[in-house]
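*Asks:* Structure for the following, please:
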Amino acid sequence: MKSFIISAVISTFLLNCCTGQSQKVKIIDNYFSGNLTDTCNIYLEVQKIGKEVIPILIEYIDYDRKAEVGFHNPYSSTIDELLYKNYKGIDAAYLIEFLLAKDTIENKEIKYEGTQQINPFNIYGYGVIVKQNKSELIKKPLTYNDMKEIKQIYKSWWGNNEKKSISQLREEWQQNKSILKDSNFSWL
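*Replies:* Predicted structure coming up:
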(Lines give C-alpha, C1' and ligand atoms only; values in the text may rest on other atoms or scores of the structure.)
Protein backbone atom coordinates (compact mmCIF):
# COMPACT_ATOMS: atom_id res chain seq x y z
CA MET A 1 0.00 0.00 0.00
CA LYS A 2 2.84 2.37 0.91
CA SER A 3 4.58 1.88 -2.48
CA PHE A 4 1.22 2.55 -4.24
CA ILE A 5 0.88 5.90 -2.40
CA ILE A 6 4.49 6.86 -3.21
CA SER A 7 3.93 5.87 -6.84
CA ALA A 8 0.72 7.95 -6.98
CA VAL A 9 2.50 10.97 -5.45
CA ILE A 10 5.38 10.68 -7.97
CA SER A 11 2.93 10.28 -10.87
CA THR A 12 0.96 13.33 -9.73
CA PHE A 13 4.19 15.33 -9.38
CA LEU A 14 5.38 14.33 -12.86
CA LEU A 15 1.98 15.08 -14.37
CA ASN A 16 1.98 18.54 -12.77
CA CYS A 17 5.52 19.23 -13.99
CA CYS A 18 4.69 18.17 -17.54
CA THR A 19 1.43 20.12 -17.51
CA GLY A 20 3.23 23.20 -16.21
CA GLN A 21 5.89 22.90 -18.91
CA SER A 22 3.21 22.36 -21.53
CA GLN A 23 1.35 25.47 -20.34
CA LYS A 24 4.57 27.53 -20.51
CA VAL A 25 5.21 26.38 -24.06
CA LYS A 26 1.59 27.11 -24.98
CA ILE A 27 1.78 30.71 -23.73
CA ILE A 28 5.02 31.32 -25.64
CA ASP A 29 3.70 29.55 -28.76
CA ASN A 30 0.51 31.64 -28.69
CA TYR A 31 2.59 34.79 -28.61
CA PHE A 32 4.82 33.82 -31.53
CA SER A 33 1.96 32.48 -33.63
CA GLY A 34 0.06 35.74 -33.15
CA ASN A 35 -2.75 34.22 -31.06
CA LEU A 36 -2.06 36.13 -27.86
CA THR A 37 -4.49 39.02 -27.70
CA ASP A 38 -2.74 41.12 -25.04
CA THR A 39 0.93 41.32 -25.98
CA CYS A 40 1.85 43.09 -22.73
CA ASN A 41 0.85 39.85 -20.99
CA ILE A 42 3.84 38.03 -22.49
CA TYR A 43 6.21 40.21 -20.45
CA LEU A 44 4.36 39.46 -17.23
CA GLU A 45 4.13 35.75 -18.07
CA VAL A 46 7.87 35.54 -18.76
CA GLN A 47 8.59 37.14 -15.40
CA LYS A 48 6.16 34.70 -13.70
CA ILE A 49 7.66 31.63 -15.37
CA GLY A 50 11.20 32.72 -14.58
CA LYS A 51 14.47 31.11 -15.60
CA GLU A 52 12.79 27.95 -16.96
CA VAL A 53 11.44 29.93 -19.92
CA ILE A 54 14.92 30.75 -21.27
CA PRO A 55 15.54 27.50 -23.23
CA ILE A 56 11.98 27.67 -24.61
CA LEU A 57 12.57 31.23 -25.84
CA ILE A 58 15.95 30.30 -27.33
CA GLU A 59 14.17 27.78 -29.56
CA TYR A 60 11.99 30.58 -30.95
CA ILE A 61 14.88 32.88 -31.91
CA ASP A 62 15.16 31.38 -35.40
CA TYR A 63 11.38 31.19 -35.80
CA ASP A 64 10.83 31.70 -39.53
CA ARG A 65 8.14 34.37 -39.46
CA LYS A 66 8.39 38.06 -40.16
CA ALA A 67 6.20 40.40 -38.15
CA GLU A 68 6.24 43.62 -36.19
CA VAL A 69 8.98 43.51 -33.57
CA GLY A 70 10.45 45.92 -31.06
CA PHE A 71 9.00 49.20 -29.88
CA HIS A 72 7.58 51.90 -32.06
CA ASN A 73 7.74 55.56 -31.20
CA PRO A 74 4.57 57.02 -32.75
CA TYR A 75 6.41 60.27 -33.52
CA SER A 76 9.30 58.65 -35.38
CA SER A 77 9.48 56.97 -38.77
CA THR A 78 13.23 56.58 -38.95
CA ILE A 79 13.53 52.80 -38.60
CA ASP A 80 10.12 51.44 -39.58
CA GLU A 81 11.73 48.87 -41.88
CA LEU A 82 13.52 47.34 -38.88
CA LEU A 83 10.30 47.15 -36.91
CA TYR A 84 7.95 45.80 -39.57
CA LYS A 85 10.12 43.67 -41.85
CA ASN A 86 12.11 41.71 -39.33
CA TYR A 87 11.95 38.24 -37.79
CA LYS A 88 9.66 37.62 -34.84
CA GLY A 89 12.49 35.67 -33.19
CA ILE A 90 14.01 39.02 -32.19
CA ASP A 91 11.20 39.21 -29.63
CA ALA A 92 12.33 35.87 -28.16
CA ALA A 93 15.84 37.22 -27.62
CA TYR A 94 14.35 40.41 -26.21
CA LEU A 95 12.22 38.48 -23.73
CA ILE A 96 15.33 36.69 -22.44
CA GLU A 97 17.10 40.02 -21.97
CA PHE A 98 13.93 41.40 -20.37
CA LEU A 99 13.83 38.55 -17.85
CA LEU A 100 17.44 39.26 -16.92
CA ALA A 101 16.83 43.02 -16.68
CA LYS A 102 14.04 42.68 -14.11
CA ASP A 103 15.90 44.66 -11.46
CA THR A 104 16.48 47.45 -13.98
CA ILE A 105 12.82 47.82 -14.94
CA GLU A 106 10.98 47.13 -11.68
CA ASN A 107 11.17 50.70 -10.43
CA LYS A 108 11.05 52.35 -13.84
CA GLU A 109 8.53 55.16 -13.90
CA ILE A 110 5.96 55.27 -16.66
CA LYS A 111 6.68 58.16 -18.99
CA TYR A 112 4.61 59.78 -21.68
CA GLU A 113 5.56 61.20 -25.05
CA GLY A 114 2.69 63.48 -25.93
CA THR A 115 -0.35 61.42 -24.98
CA GLN A 116 1.38 58.10 -25.84
CA GLN A 117 2.61 55.99 -22.91
CA ILE A 118 6.22 54.87 -23.36
CA ASN A 119 6.38 51.14 -22.77
CA PRO A 120 7.76 50.39 -19.28
CA PHE A 121 9.04 47.06 -20.62
CA ASN A 122 11.51 48.82 -22.90
CA ILE A 123 15.11 48.03 -21.93
CA TYR A 124 16.65 48.95 -25.30
CA GLY A 125 15.63 51.96 -27.40
CA TYR A 126 13.75 50.23 -30.21
CA GLY A 127 14.05 46.61 -29.06
CA VAL A 128 15.47 45.35 -32.35
CA ILE A 129 18.74 43.63 -33.17
CA VAL A 130 20.98 44.98 -35.93
CA LYS A 131 24.25 43.78 -37.41
CA GLN A 132 27.36 45.53 -36.29
CA ASN A 133 30.50 46.04 -38.38
CA LYS A 134 33.19 47.16 -35.94
CA SER A 135 31.49 50.13 -34.29
CA GLU A 136 29.08 50.84 -37.18
CA LEU A 137 25.49 49.64 -36.84
CA ILE A 138 23.90 48.35 -40.05
CA LYS A 139 20.27 49.45 -39.80
CA LYS A 140 18.69 46.86 -42.10
CA PRO A 141 16.41 43.90 -41.34
CA LEU A 142 18.25 40.71 -40.43
CA THR A 143 18.41 37.63 -42.63
CA TYR A 144 17.27 34.19 -41.55
CA ASN A 145 20.95 33.14 -41.33
CA ASP A 146 21.53 36.07 -38.97
CA MET A 147 18.72 34.74 -36.78
CA LYS A 148 20.33 31.28 -36.72
CA GLU A 149 23.63 32.90 -35.69
CA ILE A 150 21.90 34.89 -32.93
CA LYS A 151 20.20 31.71 -31.71
CA GLN A 152 23.61 30.05 -31.51
CA ILE A 153 24.96 32.96 -29.42
CA TYR A 154 22.07 32.62 -26.95
CA LYS A 155 22.38 28.80 -26.91
CA SER A 156 26.08 29.04 -26.14
CA TRP A 157 25.44 31.62 -23.43
CA TRP A 158 22.75 29.38 -21.90
CA GLY A 159 25.02 26.33 -22.03
CA ASN A 160 27.59 28.25 -19.99
CA ASN A 161 25.07 29.72 -17.55
CA GLU A 162 22.08 27.39 -17.06
CA LYS A 163 23.27 26.15 -13.67
CA LYS A 164 23.43 29.69 -12.23
CA SER A 165 20.59 31.12 -10.18
CA ILE A 166 18.33 33.76 -11.70
CA SER A 167 19.71 36.34 -9.28
CA GLN A 168 23.26 35.54 -10.36
CA LEU A 169 22.25 35.75 -14.05
CA ARG A 170 20.62 39.12 -13.40
CA GLU A 171 23.66 40.42 -11.56
CA GLU A 172 25.93 39.41 -14.45
CA TRP A 173 23.51 40.96 -16.96
CA GLN A 174 23.71 44.23 -15.01
CA GLN A 175 27.48 44.19 -15.52
CA ASN A 176 27.43 43.23 -19.22
CA LYS A 177 24.06 44.72 -20.31
CA SER A 178 23.53 42.21 -23.14
CA ILE A 179 24.15 38.63 -24.13
CA LEU A 180 25.12 39.98 -27.57
CA LYS A 181 27.84 42.23 -26.10
CA ASP A 182 30.89 40.70 -27.84
CA SER A 183 29.18 39.59 -31.07
CA ASN A 184 28.54 40.98 -34.56
CA PHE A 185 25.09 42.06 -33.41
CA SER A 186 23.78 44.82 -31.21
CA TRP A 187 20.51 45.95 -29.69
CA LEU A 188 19.15 49.19 -31.04
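*Asks:* which element is residue 173 on?
*Replies:* helix 166-176 (DSSP states H and E).
*Asks:* What lies in contact with that helix?
*Replies:* Residues outside helix 166-176 that contact it (Cβ atoms under 8 Å, 6 or more residues apart in numbering): 50-51, 97, 99-104, 161, 164, 179. The way it works is simple: take the backbone N, C-alpha and C, and place the C-beta from them, glycine included.
*Asks:* pLDDT (mean, whole number) over that helix?
*Replies:* Averaged across helix 166-176, the pLDDT comes to 90.
*Asks:* For it, which residues meet the burial criterion?
*Replies:* Within helix 166-176, the residues that qualify as buried are 169-170, 173, counting by 16 or more other Cβ atoms under 10 Å.
*Asks:* any weak-confidence spans in this structure?
*Replies:* Along the chain, the model assigns pLDDT under 70 to residues 1-22, 24, 36-40, 71-80, 103-122.
*Asks:* Go again with 80.
*Replies:* 1-25, 34-41, 68, 70-84, 102-123, 125, 177 (pLDDT under 80).
*Asks:* which helices and strands sit right next to the longest strand along it?
*Replies:* Counting residues, the longest strand found in the chain (DSSP state E) is strand 129-133. Identification of packing neighbours for strand 129-133 by 3 or more Cβ pairs under 8 Å, 6 or more residues apart in numbering; DSSP states H and E yields strand 136-138, strand 185-187.
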